[in-house]
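Visitor: give me the fold of what follows.
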Amino acid sequence: MASPPSLSELRRAKFARRLPDELSKLVGPAHGTVNLPLHLAWSGLTEFDLDRPRLRMSCYRIVLAEGLHDDLVELLNHDLLISMWPTLRTLISRDLRDVWEAAFAELAAHTQAVA
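Guide: Residues are numbered from 1 along each chain as shown. Predicted coordinates for the structure are as follows:
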């Protein structure tokens, strides 16, 4: 009898189901204010100024961890994600990081180029 999947395997499957087909599908704003819906930011700050690096990083952490497919596509920006990835990847869970880097070689390559 097969053992049940681990918590990590379940989390990775959840994150993988939400991914866009390609990073270019991420068409969210690059500047200005983003108001996250309550299903993403249910406590604390819900409004993020993308022109402020710390707030932008916080917004992306929340959207990556909690966002559904449509949230990722509508709220994340392709260029911002790539530029922030070397730092952002250290602020998210290992499962989340591994899923995104496995799906998008561009992220892993950018991390290695910066390191």
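
Visitor: list the buried residues in the lengthiest helix in the chain.
Guide: Counting residues, the longest helix in the chain under DSSP state H turns out to be helix 53-66. Going by neighbour count (16 or more other Cβ atoms under 10 Å), the buried part of helix 53-66 is L55, R56, S58, C59, Y60, R61, I62, V63, L64. From N, CA and C alone the C-beta is placed, and that goes for glycine too.

Visitor: tabulate those (a markdown table), appending pLDDT and distance to H31.
Guide: Shown next, in a markdown table, are the buried residues of helix 53-66 (pLDDT from 0 to 100; distance: Cβ to Cβ, whole Å):
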| residue | pLDDT | distance to H31 |
| --- | --- | --- |
| L55 | 97 | 12 |
| R56 | 97 | 10 |
| S58 | 96 | 16 |
| C59 | 97 | 12 |
| Y60 | 98 | 14 |
| R61 | 96 | 19 |
| I62 | 96 | 18 |
| V63 | 97 | 16 |
| L64 | 97 | 19 |
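
Visitor: out of the residues you listed, which is nearest to V73?
Guide: V63 (10.3 Å; Cβ to Cβ).

Visitor: for that closest one, which non-adjacent residue is spatially closest?
Guide: L75 (4.9 Å; Cβ to Cβ, 6 or more residues apart in numbering).

Visitor: where does the chain have low pLDDT?
Guide: 110-115 (pLDDT under 70).
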